[in-house]
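K.L.:
Sequence first, then the predicted structure, then my questions.
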Amino acid sequence: MSATPTQKSSNVNQEELQKVFNQFDANRDGKISVTELRDVLKSMGSSITEEELKRVLEDIDTDKDGFINLSEFSSLFRSSSDEVTAALELRDAFDLYDQDKNGLISTSELHLVLNQLGMKCSVDDCVRMIKSVDSDGDGNVNFEEFQKMMSASLATNGKGSKA
């Protein structure tokens with residue numbers, strides 16, 4: 001088999017994937033359950049919510065049996081290692097703002113971090129920023145809202161605005 005254009009994907013061999021899969025598959029039944037996925041991600045320091053976890057499982061679970069088998073797991077790494085990296089980076093960015101680790105970015109957290117990053121803005125500016133993406137109206141930004149905000153920001157900064 002010849003090398004693919006994505007060097008990362010071609011470097012991941014089946015034996016390595018099997019080892020990683022086995023780390024997730026705690027009960028060794030040949031499939032990864034939502035519980036096993038949660039346990040491994042939490043042990044790696046992830047603060048993924050139950051809702052996000054279910055969404056991840058739905059995206060990966062192509063046969064819709066409620067589990068991730070080795071084939072689905074392999075496809076994830078072969079086809080979307082860049083997407084996985086981007087998702088992890090987005091989570092890291094969210095966690096930077098979510099100072100109290102409650103899964104929400106408050107006005108005060110946004111204000112604090114933006115000012116620490118050298119972006120001088122008022123609390124009122126932060127309130128307006130949050131209101132612009134706060135789809136559930138709770139006055140905070142959850143991870144889903146943060147994802148939408150970042151996607152919109154990338155599009156308006158030229159990475160998708162020109163067809």
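P.N.:
Sure thing, it's come through.
K.L.:
CA atoms for contacts and neighbours, from now on please.
P.N.:
OK.
K.L.:
Is it correct that Ser33 is in contact with Leu70?
P.N.:
No. No contact is recorded between Ser33 and Leu70 when judged using CA atoms under 8 Å, the distance being 12.0 Å.
K.L.:
how about the strands in the protein?
P.N.:
The residue ranges that make up the strands of the chain, judged by DSSP state E, are 31-32, 68-69.
K.L.:
Next, format those as TSV and append mean neighbour count.
P.N.:
Converted to TSV, the strands of the chain look like this (neighbours: other CA atoms under 10 Å):
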stretch	mean neighbour count
strand 31-32	23
strand 68-69	22
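K.L.:
Now these in a markdown table, please, with extra columns for mean pLDDT.
P.N.:
Rendered in a markdown table, the data for the strands of the chain read as follows (pLDDT from 0 to 100):
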| stretch | mean pLDDT |
| --- | --- |
| strand 31-32 | 93 |
| strand 68-69 | 92 |
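K.L.:
so which of those strands gets nearest Ile130?
P.N.:
strand 68-69 (35.4 Å; CA to CA).
K.L.:
Starting from the closest one, tell me which strands it pairs with and how they run.
P.N.:
Using DSSP bridges, strand 68-69 pairs in its sheet with strand 31-32 (antiparallel).
K.L.:
ok, longest helix in the protein?
P.N.:
Assignment by DSSP state H gives helix 70-97 as the longest helix of the chain.
K.L.:
by contact count, what packs against that one?
P.N.:
helix 7-11, helix 14-24, helix 50-60, helix 107-116, helix 143-154 (3 or more CA pairs under 8 Å, 6 or more residues apart in numbering; DSSP states H and E).
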